[in-house]
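Engineer: Structure for this input, please:
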Amino acid sequence: MSGQLFIRICQGIINYSQEPISDYFLYFRQRRDATGLLGFNVIQKCTSAIRQLAYCTAPDAFDEYLHMCQQTSYDCLNNFCKSVFHLYANEYLRKPTPQDVQRLVNAHAEIHGFPGMLGSLDCMHWAWKNFPYRYKGHYTRGDHGYPTIMLEAVASYDL
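Structural biologist: Predicted structure coming up:
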């Protein structure tokens with residue numbers, strides 16, 4: 001993930017000001033704990049959530065890296081997913097309108113020379129370095145010799 005995208009998501013979570021503000025947005029505000037010390041800020045909480053999603057790690061894996069306990073990491077992930085869904089569902093998780101479909105078809109016909117194409121499909125194998133060893137046989141193909149994950153992507157030209 002690019003740094004600009006990460007900062008945009010963090011700022012979106014912090015700057016969300018529609019009423020009523022949900023608890024999962026309030027969770028990302030930095031507060032003082034019972035001893036008067038400042039708790040984790042939005043960058044630390046979003047980092048924990050994105051690392052859990054990106055590396056498929058357990059919530060307690062960030063104890064040494066972020067000094068964050070398992071429950072806090074789990075809460076970060078839970079509230080992050082709800083916040084991002086609430087912020088971006090209308091823009092990125094909606095069904096395309098007829099105008100969107102026609103715009104994409106026209107753009108692909110012009111750019112790629114394929115009339116009637118809505119999006120591009122690409123598949124590739126990524127090496128999975130930190131895989132659970134017990135699943136080695138499930139994710140290893142004979143032509144690669146090491147565990148891989150199949151990544152399939154469908155995207156329009158503007159993404």
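
Engineer: Now the longest helix along the chain: buried residues?
Structural biologist: What stands out as the longest helix in the chain, according to DSSP state H, is helix 70-92. For helix 70-92, burial by neighbour count (16 or more other CB atoms under 10 Å) applies to 72, 73, 74, 75, 76, 77, 79, 80, 83, 84, 86, 87. No exception for glycine: its C-beta is placed from N, CA and C like everyone else's.

Engineer: Return the per-residue confidence for residue 82.
Structural biologist: We have a pLDDT of 92 for residue 82.

Engineer: which residue packs closest to it, ignoring adjacent ones?
Structural biologist: Residue nearest to residue 82 in three dimensions, not counting chain neighbours: residue 24, with 4.3 Å by CB to CB, 6 or more residues apart in numbering.

Engineer: residues making contact with the helix or strand hosting that neighbour?
Structural biologist: Assigned by DSSP states H and E, residue 24 belongs to helix 23-26. For helix 23-26, contacts defined as CB atoms under 8 Å, 6 or more residues apart in numbering pick out 13, 16, 78, 79, 82, 83, 86.

Engineer: chain center to that helix: distance?
Structural biologist: On the basis of CA atoms, centre = their mean, to the nearest Å, helix 23-26 sits 18 Å off its chain's mean C-alpha point.
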